[in-house]
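In: sequence first, predicted model second:
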Amino acid sequence: MSRSELAVTARSLRKSYGERVAVAGVDFDVHPASCFGFLGPNGAGKTTTMKMIYGLATVGGGELRVLGLDARTQRRAIKSRLGVVPQETNLDGDLTVMENLLVQASYFGIDQATAETRAGELLAFAQLGDRAGDAIQSLSGGMKRRLLVARALINEPGMVVLDEPTTGLDPQARLAVWRSLDSLRRRGVTLLLTTHYMEEAARLCDRLVIMDEGRIVAAGEPATLVREHVGREVLELRVTDECDAEALVRSLDGRLEGHDFTEDALMLYAPDAEELLEAIDQRRYPTESALVRRATLEDVFLRLTGRSLRE
Amino acid sequence: MSDVVPSPRYAARVVGRNARVFSKLWKGALLPQFLDPLFYLVALGFGLGTYVATINGVDYRDFLAPGLIASAAMWAAAFECTYNVYFRMNETRLYDAILATPVEVQDVVAGDLVWSSFRATIYGTVFLVVVTAFGLIHSPWAILLPPLVALGGLCMSVIAYTFTALIPRIDLYSYFFTLGITPMFLFSGIFFPFDELPGVAEVIAWFTPLYHSVEISRAMATGPGPMVLVHAAWLAAVSAALFVVPVRAVRRRLVA
């Protein structure tokens, strides 16, 4: 696919704030009509990368093209074709739910009649049809998020950028946001999202990059990343103080695809974790608890950085 | 330059947003503000004015009323471009949302300033109608006062907006109001003329926007001379020269 057809291309993209390097040279391509994720802990450079894409941060260095346009010089043209769901809930508290959409439409120069039609449809899409005249302050956190998504769609964008779209939501509200993103993807809208939730990235993203300290440490499809870097299953052991974990790992030599130590647990990667557990000599290596589970993106991050992604 | 010169089309959309909010709120929360200059007129014009009958041969109420038109506009502009803008920029983060649309920083600042001076004009004009009803306006030229009130409001708005764009914390407004707005209100020739004061008083006043607005207002209420154009030029020049400062400061703050 040529560069002009890609939704986003970044080459050696950099950004510093004074001494602090937020993005330290990243390369990635986003294909149209796909869902692309940025995964990483807080401070990894995800939000800064997103802000450069939607024009709320200037490009520090390198090249960034969005929808075939240069992010340095064609900011207004890029923004007119994007939808943005920011991390902070920045709805217009002086306006009602419906007015938020109408005023948003006015910023894009959409005429009143079209704006009213679209706003009605989007409120239905966001399951807020009966809240049109309500004040923003009366909405729950989940409703505000759904309204932010609806607001981002008022200009019928080809690409929607979402910065941590479900952070702080309860499970039901999160599911509702996921469903609306699924339906956008089915319609061919390109989705770009950041998250620090593994299951969110695994469920939504066709491709993702894992970021840490301003760099991309891994890129690919979620399932492939897990298979390549970790394997199929994980045996998560909490060992007692008397247990010599290093010796335990050595005793399993040949059965392991890899291992990691975290602060309180020993992660053992193997094709069959159940079988591995049975092979451990419990008298020589006493354990407090053992958990057999499938490998996740969290394990990929731990493998690549030596740190847990949870904060 | 392209990131300083606003697009009228996009700035107009920011004006539209602010006007929509104002049209919802003015009948309720904002109504008392209209009464503010009236209290000064009653207390000073009809209270104190009973004892101070004339100033330089002019009835004290006739002297006072035009100045209060200018100050009504000043107060409206000062509040709009301090607390209101500060909240939209830093607390509700509304500007982040607007700047993620095709609207750019210079459009937001220009739109806010145009709206603020329009709002100032509403307050000034309402008070002009009130004092006309009291019979305190003596020249038909006063009908041309609203666009000149807008100019004074614009100048005040740019100054307040600049302060807002530069301060790191909201509590610093106490400096702006206590050391800036209040002294200007008291010493810009609204309540007493400069004739009997040392010349330096008028020289200092000359550097404040309110002094020029008051001079314009009083001239239009009594029959203007060519000096009105000088005062108007002062307000226009300061507004234009200062505009770039808040644009740059807001960009630094929001689109770093």
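Out: Done, it's in. Numbering: from 1, shown residues only, chains lettered A, B, ... in the order given.
In: excluding chain neighbours, what is closest to A:Val85?
Out: Counting by Cβ to Cβ, 6 or more residues apart in numbering or on different chains, A:Val85 lies nearest to A:Leu162, which is 4.2 Å off, once chain neighbours are set aside. All C-beta atoms are positioned from the backbone trio N, CA, C, and that covers glycine.
In: likewise B:Ala100?
Out: Closest to B:Ala100 by Cβ to Cβ, 6+ apart is A:Val84, at 4.0 Å.
In: can you give me the buried ones in stretch B:189-205?
Out: B:189-192, B:194, B:205 (16 or more other Cβ atoms under 10 Å in any protein chain shown).
In: what's the mean pLDDT across that stretch?
Out: Here stretch B:189-205 scores 87 as its mean pLDDT.
In: can you check stretch B:160-168 too?
Out: pLDDT averaged over stretch B:160-168 gives 96.
In: my read: A:Arg151 touches A:Leu101, true?
Out: Yes. Taking contacts as Cβ atoms under 8 Å, A:Arg151 lies within contact range of A:Leu101: 6.0 Å.
In: who touches both of those two?
Out: A:Leu122 (Cβ atoms under 8 Å, 6 or more residues apart in numbering or on different chains).
In: what kind of secondary structure is A:Asn90 in?
Out: coil (DSSP: H, G, I helix; E, B strand; the rest coil).
In: can you give me the pLDDT of it?
Out: pLDDT at A:Asn90 comes out at 95.
In: B:Phe34 versus B:Val130, what's the distance?
Out: Distance of B:Val130 to B:Phe34, given as Cβ to Cβ, to the nearest Å: 9 Å.
In: sorry, back to before: is it true that the residue nearest to B:Ala100 lies in a strand?
Out: Yes. A:Val84: assigned to a strand according to three-state DSSP.
In: just checking, the residue nearest to A:Val85 touches A:Thr190?
Out: No. Assessed by Cβ under 8 Å, A:Leu162 is found out of contact with A:Thr190, at 11.3 Å.
In: looking at those two, which is more packed in?
Out: A:Leu162 (27 against 23; other Cβ atoms under 10 Å in any protein chain shown).
In: packing partners of the helix or strand containing that one?
Out: Taking DSSP states H and E as the criterion, A:Leu162 maps to strand A:159-163. Counting contacts by 3 or more Cβ pairs under 8 Å, 6 or more residues apart in numbering or on different chains; DSSP states H and E, strand A:159-163 is packed against helix A:46-54, strand A:82-85, helix A:141-152, strand A:190-195.
In: for the third one, which positions count as buried?
Out: So the one you mean is helix A:141-152. A:142-152.
In: so which residue of the stretch 101-250 of chain A comes closest to chain B?
Out: Chain B sits closest to A:Tyr107 of the stretch 101-250 of chain A, with a gap of 3.8 Å, by Cβ to the nearest Cβ.
In: what does chain A put close to chain B?
Out: Chain A comes close to chain B at residues A:17, A:54-58, A:75-77, A:79-80, A:82, A:84, A:86, A:88, A:90-95, A:99, A:103-104, A:106-109, A:151, A:155, as judged by Cβ under 8 Å from any Cβ of the partner chain.
In: just the buried ones among those, please.
Out: A:54-57, A:75-76, A:79-80, A:82, A:84, A:86, A:90-95, A:99, A:103-104, A:106-108, A:151, A:155.
In: what residue ranges in chain A are flagged as low confidence?
Out: A:1-4, A:309-311 (pLDDT under 70).
In: rerun that using 80 as the cut-off
Out: Residue ranges of chain A with pLDDT under 80: A:1-4, A:240-243, A:263-264, A:306-311.
In: any idea where the helices of it begin and end?
Out: A:46-54, A:75-80, A:97-107, A:112-125, A:141-152, A:171-186, A:198-204, A:222-229, A:245-251, A:273-279, A:297-305 (DSSP state H).
In: likewise chain B?
Out: B:8-25, B:31-40, B:60-79, B:85-86, B:94-99, B:105-133, B:145-166, B:173-175, B:182-187, B:199-206, B:209-222, B:227-242, B:244-254.
In: ok, the nearest residue to A:Arg232 once chain neighbours are set aside - contacts?
Out: Nearest residue to A:Arg232, sequence neighbours excluded (Cβ to Cβ, 6+ apart): A:Pro271, at 5.3 Å. For A:Pro271, the contact set (Cβ under 8 Å, 6+ apart) comprises A:231-233, A:257.
In: need the residues of the stretch 1-150 of chain B near chain A, please.
Out: Residues of the stretch 1-150 of chain B lying near chain A (Cβ under 8 Å from any Cβ): B:9-10, B:13, B:16-17, B:20-21, B:24-25, B:92-94, B:96-104.
In: filter these down to the buried ones, ChimeraX style.
Out: Buried subset of the residues of the stretch 1-150 of chain B next to chain A, written as a ChimeraX selection, criterion 16+ other Cβ under 10 Å:
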select /B:10,13,17,20,21,92,93,94,96,97,98,99,100,101,102,103,104
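In: so A:Ile216 is in contact with A:Asp27, correct?
Out: Yes. Contact between A:Ile216 and A:Asp27 holds when scored by Cβ under 8 Å: they sit 7.3 Å apart.
In: give the contact list for the residue nearest to A:Val85.
Out: Contacts of A:Leu162 by Cβ under 8 Å, 6+ apart are A:85, A:149, A:152, A:181, A:191-194.
In: now B:Phe118
Out: With Cβ under 8 Å, 6+ apart, B:Phe118 has these contacts: B:15, B:19, B:150, B:153.
In: against chain A, how distant is the second one?
Out: Okay, so that is B:Ala19. Going from B:Ala19 to chain A by Cβ to the nearest Cβ, to the nearest Å gives 11 Å.
In: now do the contacts for that residue.
Out: So, once contact is read as Cβ under 8 Å, 6+ apart, B:Ala19 ends up touching B:115, B:118.
In: separation between B:Arg20 and B:Tyr86?
Out: 20 Å.
In: A:Arg203 touches A:Trp178, doesn't it?
Out: Yes. In this structure A:Arg203 lies within contact range of A:Trp178 using Cβ under 8 Å: 6.6 Å.
In: B:Val130 and B:Phe34: who's more crowded?
Out: Neighbour tally, B:Val130 and B:Phe34, criterion other Cβ under 10 Å: the higher count belongs to B:Val130, 19 against 16.
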